[in-house]
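**Q** Build me a structure from this.
(one chain, ligands or ions: 1)
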Amino acid sequence: MAQYPVTLDVPPEVASFFDPQTNTVSHVVMDPTSHACAVIDPVMDIDYAAGRISYDHADEIIAYIRKFKLQLEWLIETHVHADHLSAAPYIQSELGGKIGIGDQITVVQETFGKVFNEGTAFQRDGSQFDRLFKDGDTYEVGEMTAFAMHTPGHTPACMVHVFGDAAFVGDTLFMPDAGSARADFPGGDAGQLYDSIQKVLALPDKMRLFMCHDYGPGGRDIMWETTVAEEKAENIHVGQGKTREEFIKFRQARDALLDMPKLILPSLQVNMRAGEVPKTDDGKPMLKVPINAI
Ligand SMILES: [Fe+2]
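**A** Numbering: from 1, shown residues only. Sure, this is the predicted structure:
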């Protein structure tokens, strides 16, 4: 395992944007000593029944960045999401910045390239992205150094990104009363997810953790911020030292009962292309519905 350059003495400001259609939380992370920022997991809106995409959620983020005169340096995808479409290319076209994801995206592209019967025009080398992160890789946002931790289990390419005392956990952990993400997508693995969660819980107790999703269990208000200490003490799936065996048994039993996310088919086709909608040979944006394939 890589040695991670953890430093709690950089406290970036974080602005979060909740998307009620997909229960996704996107974040703007700001370097405290410059105007540089990064955007984590931005959402593109889709009316799937009508095949119509729009950008209200992304426009909110763009307006925020412009209002505070921030310089967007990075657009980070914690993984290839299966429940919403990425707005990274749209925001990039408005504000610049580089789009990054874990280097295991190539595994995801290989798997779903087959599912969607993609031809050779669909590159499986991650080249649609500006940067492919390996475990422990660092990058700069203004004066702030961020690093990426490879956290597979939910998907092979999952990464947690850490900026000073703020970690963006993607779909490894949820809030303590919601537990953890599913591990039953192609390439997912409950045991790997447990190991990845342990990497996150090995960060300092005071590390702030920002979620990618919240569903307000039990009707509580939507929340997206907690700490390593709170997750260790209270997480209903992994807290209080639950064992790997207990977790795998529970996770597999639960995953067997879950329906596929409503937007999984459009999400995967778009997100494995870094947020670009696929096009027909004559350049028309078009999505596929493979039958009985996932
Ligand atoms: Fe996910």
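
**Q** Let me know how buried whatever residue of the chain ends up closest to the ion is, in neighbour terms.
**A** With Cβ to the ion as the measure, D171 is the residue of the chain nearest to the ion, at 3.6 Å. Where C-beta positions appear, they are placed from N, C-alpha and C, glycine not excepted. Using other Cβ atoms under 10 Å, D171 has 27 neighbouring residues.

**Q** just T243 next, same as before
**A** Neighbourhood size, T243 [other Cβ under 10 Å]: 10.

**Q** Can you read off the backbone torsions of it?
**A** Main-chain dihedrals, T243, degrees, to the nearest 10: phi -80, psi 160.

**Q** can you give me the helices in the stretch 151-294 of the chain?
**A** Assigned by DSSP state H, counting those that start in this stretch, the stretch 151-294 of the chain shows helices spanning 190-201, 228-234, 244-255, 264-271.

**Q** Just list the residues touching the residue of the chain closest to the ion, thanks.
**A** T78, H79, H81, H154, T155, C158, A181, C212, H213 (Cβ atoms under 8 Å, 6 or more residues apart in numbering).

**Q** so the fifth one sits right up against D83, yeah?
**A** No - applying Cβ atoms under 8 Å, one finds T155 not in contact with D83, separated by 11.7 Å.

**Q** measure the nearest residue to M211 once chain neighbours are set aside to P266 for me?
**A** Excluding the flanking residues, the one nearest M211 by Cβ to Cβ, 6 or more residues apart in numbering is W224, at 4.3 Å. Distance of W224 to P266, computed by Cβ to Cβ, to the nearest Å: 24 Å.

**Q** can you check D259 too?
**A** D259 is 16 Å from P266, by Cβ to Cβ.

**Q** Those two: who's more crowded?
**A** Set side by side, D259 and P266 show more neighbours around P266, with 22 against 6, by other Cβ under 10 Å.

**Q** Do the host helix or strand of A38 and the ion come into contact?
**A** Element membership of A38, judged by DSSP states H and E, is strand 36-40. No - counting by Cβ under 5 Å from the ion, the ion has no neighbours in strand 36-40; the shortest distance is 12.9 Å.

**Q** Could you list every helix and strand in contact with that strand?
**A** Contact analysis of strand 36-40 by 3 or more Cβ pairs under 8 Å, 6 or more residues apart in numbering; DSSP states H and E lists strand 24-30, helix 56-67, strand 71-76, strand 138-141 as its packing neighbours.

**Q** Output these in a markdown table; the columns should cover mean neighbour count, distance to I294 and mean pLDDT.
**A** Shown next, in a markdown table, are these (neighbours: other Cβ atoms under 10 Å; distance: least, Cβ to Cβ, whole Å; pLDDT from 0 to 100):
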| stretch | mean neighbour count | distance to I294 | mean pLDDT |
| --- | --- | --- | --- |
| strand 24-30 | 23 | 20 | 98 |
| helix 56-67 | 16 | 26 | 98 |
| strand 71-76 | 24 | 26 | 98 |
| strand 138-141 | 16 | 33 | 98 |
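
**Q** Make TSV out of those and add distance to Y194.
**A** TSV is the format used below for those (distance: least, Cβ to Cβ, whole Å):
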stretch	distance to Y194
strand 24-30	23
helix 56-67	32
strand 71-76	24
strand 138-141	26
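
**Q** closest one to P186 among the ones you listed?
**A** Of all the helices and strands packed on strand 36-40, strand 24-30 sits nearest to P186, with 20.9 Å by Cβ to Cβ.

**Q** still on that earlier bit, among the contacts of D171, name the buried ones.
**A** Neighbour-count burial (16 or more other Cβ atoms under 10 Å) applied to the contacts of D171 gives T78, H79, H81, H154, T155, C158, A181, C212, H213.

**Q** so how many other residues sit close to Y194?
**A** Look at Y194: counted by other Cβ under 10 Å, it has 23 neighbours.

**Q** Strands of the stretch 101-250 of the chain, residue ranges please.
**A** Taking DSSP state E, counting those that start in this stretch as the criterion, the stretch 101-250 of the chain contains strands spanning 131-133, 138-141, 144-150, 159-163, 166-168, 208-210, 225-227.

**Q** pLDDT weak spots in the stretch 1-150 of the chain?
**A** Applying pLDDT under 70 to the stretch 1-150 of the chain flags residues 1-2.

**Q** what sits against the closest residue to H84 other than its chain neighbours?
**A** Spatial nearest neighbour of H84, chain neighbours left out: T22 (3.9 Å); criterion: Cβ to Cβ, 6+ apart. With contacts defined as Cβ under 8 Å, 6+ apart, T22 is in contact with V43, D83, H84, L263.

**Q** Nice, that's everything, thank you.
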